[in-house]
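In: Provide a 3D model corresponding to the input given below.
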Amino acid sequence: MQKNEIINKLKDIVKEKLSWEKTGYDNFHVFRVYNNAKAIAEKEWWDMFIIECAALLHEMWDYKFNNLKEESSNIAKNILEDLAVEKSDIGKIIYIIDNMSYHDDVFNTENYREEVKKELFIVMDADRLDATWAIVIARTFAFWWAHGRQIYNPEIKPNDYKDKEDYIAQYKDENSHSINHFYEKLLKIKDMMKTETWRKEALIRHEVLERFLEDFMREWNAKL
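Out: Numbers count the residues shown, from 1 in each chain. The predicted structure follows:
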C-alpha cells in the first residue's frame, strides 16, 4: 500500500473512531493537529509520513476519556500493523505518541531519541497549538463539563502537580474546576513550544487566554 493510501485510510479511521467524542478530543481536533503539523513540517523537510501518521493517531484512544485503561499507542500500533506499515516506521510513530503529551514533556527526565526528535517536536507543538487561542477555551469547558466539573470555584486553588502520576490523577479527582486548568496547564504552554515558528504563534495566542481570564474574573465578580 502506498503511503498516501495509508494516510487516507488513517483519516477514515479517525473519523470513524472519534466523531462521537464530545470532550474536545474529537476528529476535528485531530485534523487541526494534523494540519498544524504539516504546516510546520513543510517549512523544512523532515519525515512527513512519520509526522502525518503520528498526528492522526495521537488520540486513538486517549487515557483521558478511556478511564485511564489503555494508551493511544497500543491501538495505534495495531492499526499501523494492519495497514502493513514498515516496522521501523511504526517504532518511530509509537515513540512520538508515547512521548508527546503535556505531562510527558513537563516531567521528562530523559533525553529524547535523536533520530526522531525533530518529528516528535513538530507533532508535539502542533498539538500544543490547539491548546491555545480561542478554540481551547471551548474545549476546556466541554472537557471538564463531561467530567462533571464546575465552571469555577474560587475556594479551590490550582494544583502544583509534583509528578506525572499526580498530574494524570486529576482526571479522576472531582475536586477541581475548569478555570483551574488554565493556570495548571494552558498558560504554561507558550514557554514549552519546541519549534521557533510555533513559539512565535503561541505567544500571540497566549494573549487571547489572558484577555479571556481577565474578562471572566471581572464578570464573575460583577465588576463593570
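In: Could you report the neighbour count for Glu21?
Out: By other C-beta atoms under 10 Å, 19 other residues sit near Glu21. Placement of C-beta: from N, CA and C, glycine included.
In: An error on my part: the question was meant for Ala126.
Out: As a measure of burial, Ala126 has 26 neighbours, counting by other C-beta under 10 Å.
In: My understanding was that it contacts Val30; is that so?
Out: No - contact criterion C-beta atoms under 8 Å: Ala126 and Val30 do not qualify, at 10.4 Å.
In: first to last residue in stretch 136-156, what's the distance?
Out: This stretch, stretch 136-156, spans 21 Å end to end (C-alpha to C-alpha, to the nearest Å).
In: next one: stretch 56-76
Out: 9 Å.
In: which residue ranges form the helices in this protein?
Out: 3-18, 27-41, 48-57, 72-82, 87-99, 102-106, 117-129, 133-146, 164-168, 178-184, 196-220 (DSSP state H).
In: so which of these comes closest to Tyr152?
Out: Nearest of the helices of the chain to Tyr152, taken as C-beta to C-beta: helix 178-184 at 4.3 Å.
In: Quick check: Thr109 vs Glu115, distance?
Out: From Thr109 across to Glu115, the span is 20 Å (C-beta to C-beta, to the nearest Å).
In: thinking again about what came up before, Serialize the helices of the chain to CSV and add fields for mean pLDDT and distance to Lys190.
Out: Compiled in CSV, those are given as follows (pLDDT from 0 to 100; distance: least, C-beta to C-beta, whole Å):
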stretch, mean pLDDT, distance to Lys190
helix 3-18, 95, 27
helix 27-41, 94, 15
helix 48-57, 96, 21
helix 72-82, 87, 25
helix 87-99, 95, 20
helix 102-106, 87, 13
helix 117-129, 94, 9
helix 133-146, 91, 11
helix 164-168, 82, 19
helix 178-184, 94, 12
helix 196-220, 93, 4
